[in-house]
Every structure is written in C-alpha cells, then in structure tokens.
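J.: Structure for this input, please:
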Amino acid sequence: MTVDHYNVNIHKNYITMSIFLLFFQSVFFYPIHSENAVKNSASGFDLEIKIVNIKNNSGQIALRLLDGKKGIVTQQFVSINNKTSTLTIKDLSKGKYAVQIYHDENRNGKLDFNFLGIPKEGYGFSNDARGFMSEPAFEKQLFPHDKDQMIQIKLSY
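T.: You can find the predicted model right below:
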C-alpha cells in the first residue's frame with residue numbers, strides 16, 4: 001500500500017466519521033420537532049369560546065366549563081360586545097369538555113325562568129346541544145380538546 005493510498009483511506013474514514021458525528025449530534029442534541037408540539041406538550045392547548053346570537057348587549061354571559069366527569073374547570077362572567085362574546089382559556093389540558101352558558105341580562109347571577117319553568121334569558125351548550133323540556137344529555141355537550149381550537153355556541157331564547 002502506498003502512502004497516497006493510505007492518505008486517501010484516512011481521508012475517507014475522516015469524512016465518514018464526521019458525517020456520523022454530525023448526524024448523531026443533530027439527532028440527540030437538536031431534536032426535530034414542531035414549535036406547536038413543544039409548546040402544547042408541556043402546557044396544554046388554548047380554547048377560544050365564541051358566543052353568538054345574543055339578543056342584546058345588556059348584562060353579561062355566565063359561562064361554565066366542565067371536564068368529562070362533570071367537574072367544574074372554570075366559571076366566570078364574560079362581557080358582551082356587539083351582540084357577541086368571546087373568552088379564551090389558555091393551557092387547557094387534553095381531554096373532553098362541555099361548556100354551558102346563559103345570558104344574564106339583568107345581572108342577578110342566575111338564569112331566570114317564567115312561571116312555567118321556561119328560561120326567560122338566552123342559554124346554550126357546546127356542540128349547540130339541545131334537550132327536550134330539559135338540559136341536553138351531558139354526553140351531547142362533550143367535545144374533544146387535543147389542539148388549539150375555537151368553538152362557537154349559539155344562544156337560544
């Protein structure tokens with residue numbers, strides 16, 4: 001084997017080893033990932049809730065977010081602007097959820113009913129679920145939450 005032949009083999013081995021080290025370094029020290037996956041795997045996903053078909057700008061929207069086991073995740077009042085209302089819940093864990101809302105027009109903190117038991121104020125549920133003479137089944141209200149998303153709920157009066 002000549003010196004030139006020997007140098008060529010060393011050079012080929014050096015290039016092969018360099019490529020291997022570059023690949024190794026990129027796989028283990030700089031993992032390939034999407035920005036969204038990294039953000040969400042650690043902190044959850046955002047849920048934007050938009051309420052439409054609000055009769056007027058009076059009062060406020062009472063909103064309750066429930067988990068799949070009917071546990072209350074959050075309850076709050078949301079303002080109304082131009083007959084719509086929007087609330088964003090940040091970093092919500094992956095799972096199944098339901099949203100229940102009503103239009104508290106007189107700001108008394110409760111859904112008002114007439115003498116027959118029919119709501120006098122607007123109300124709505126996620127998936128625009130409807131019941132017959134009562135609240136819709138909880139299962140009809142549930143929706144999966146596994147990404148940043150927006151849901152819309154239409155009020156009924």
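
J.: CA only for contacts and neighbour counts going forward, please
T.: OK.

J.: And the pLDDT for the spatially most central residue of the chain?
T.: Compute the mean C-alpha point of the chain, and by Cα atoms, centre = their mean the closest residue is L47, 2.9 Å away. The model reports L47 with a pLDDT of 98.

J.: The helix or strand encompassing it packs against which elements?
T.: Per DSSP states H and E: L47 is located in strand 45-52. With contacts taken as 3 or more Cα pairs under 8 Å, 6 or more residues apart in numbering; DSSP states H and E, strand 45-52 sits against strand 85-92, strand 149-154.

J.: can you redo those as a markdown table with mean pLDDT, distance to N106 and mean neighbour count?
T.: Shown next, in a markdown table, are those (pLDDT from 0 to 100; distance: least, Cα to Cα, whole Å; neighbours: other Cα atoms under 10 Å):
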| stretch | mean pLDDT | distance to N106 | mean neighbour count |
| --- | --- | --- | --- |
| strand 85-92 | 97 | 16 | 15 |
| strand 149-154 | 98 | 20 | 16 |
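
J.: List the neighbouring strands of the strand ranked longest in the chain plus their orientation.
T.: Determined from DSSP state E, the single longest strand within the chain is strand 95-104. Strand pairing for strand 95-104, using DSSP bridges, gives strand 60-67 (antiparallel), strand 123-125 (antiparallel), strand 143-145 (antiparallel).

J.: what sits up against it?
T.: The contact list for strand 95-104 (Cα atoms under 8 Å, 6 or more residues apart in numbering) reads 54, 59-68, 110-111, 121-126, 138, 141-146, 155.

J.: Selecting buried members of those residues in ChimeraX, what would you type?
T.: A single ChimeraX command selects the buried members of the contacts of strand 95-104 (16 or more other Cα atoms under 10 Å):
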select :54,59,60,61,62,63,64,65,66,67,68,111,121,122,123,124,125,126,138,141,142,143,145,146,155
